[in-house]
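>>> Structure for the following, please:
(one chain, ligands or ions: 1)
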Amino acid sequence: MAGKFITIEGSEGVGKSTNIEFISKYLKSRDITTLETREPGGTKIAEEIRQLLLTTKGETVPEIAELLLFFAARSFHVENLIKPAINQGHYVICDRFSDATVAYQGYGRGFNIQDINTIASWVHEKMQPDLTILLDAPAEIGMQRAKQRGTMDRMESEDISFYERVRNGYLTLASEHKERFVVIDASQALKSVQTEIAFHLDVLLT
Ligand code: T5A
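Next comes the predicted model:
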């Protein structure tokens, strides 16, 4: 039996990594085989592209190069890891996917959303997540949490207005794709966030 594809999205520091761990444990406790992965990254080559994306090496990173590198990494990830794992019956839990490109490079940087959707369709055709959990919180809260956690990478060094556009972009995506998106208030206590996540996982499993 084919598995499922669950993505977790949201701006910086909203709690994606923390909650992927929770989702994985929750599903495993129901005898489901899971695979946790992330974007950019997930395979050897995609992780190398991640390093290129999150640092500058002293060069300007053209926005178009950034956009194409996210999709290049995604192509390796989809073909070498995500598709084979789903076909083997795993529940793949992925920290970000193409919605992140729409939110960050589309709403954040200003690339045309339809152009991004066209590239996405070249990279993964009609493949979409079965469930997308959007952790939503004001940009200041996420940035504050991310700062407390350690040093900031290239993508975490934008003005606050950039992350506000990203947040609004995600909320727009959620309203346009209600069939797969659930929005959870990530500014609440972690326990409340996880109670809501468990509810939506139960819906997916029924
Ligand atoms: N990107 C990515 C694009 O621009 N386009 C794309 O197409 C893709 C795929 C990736 C960067 O690349 C960009 C987006 C990103 O800028 P990343 O490191 O993978 O970078 O992603 P980040 O969002 O930067 O991941 P973070 O690790 O910063 O955030 P998380 O995973 O959302 O947050 P997490 O779980 O590490 O939590 C942060 C802190 O908050 C606490 C945690 O304990 C932790 O200390 N926390 C809470 N505290 C209180 N209450 C809660 N409810 C809490 N939940 C978590």
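>>> Spatially nearest residue to the residue nearest to the spatial centre of the chain, not counting backbone neighbours?
Nearest to the mean C-alpha position of the chain, by Cα atoms, centre = their mean, lies Arg96 at 1.2 Å. Of all residues not flanking Arg96 in the chain, Glu39 sits nearest, at 4.4 Å (Cβ to Cβ, 6 or more residues apart in numbering). Bear in mind the C-beta positions are built from the backbone N, C-alpha and C, glycine included.
>>> Run through the residues that contact the one you found.
By Cβ atoms under 8 Å, 6 or more residues apart in numbering, the contact set of Glu39 is Ala46, Phe70, Ala73, Arg74, His77, Cys94, Asp95, Arg96, Phe97, Ala100.
>>> do the same with Leu81
Counting by Cβ under 8 Å, 6+ apart, the residues that Leu81 touches are Leu35, Thr37, Gly42, Thr43, Val92.
>>> list the helices and strands the helix or strand containing Thr118 packs on?
Using DSSP states H and E, Thr118 falls within helix 113-124. Counting by 3 or more Cβ pairs under 8 Å, 6 or more residues apart in numbering; DSSP states H and E, the packing neighbours recorded for helix 113-124 are helix 63-77, helix 98-101.
>>> Contacts for that helix, please.
Outside helix 113-124, the residues touching it (Cβ under 8 Å, 6+ apart) are Leu67, Leu68, Phe71, Arg74, Ser75, Val78, Ser98, Thr101, Val102, Gln105, Gly106, Tyr107.
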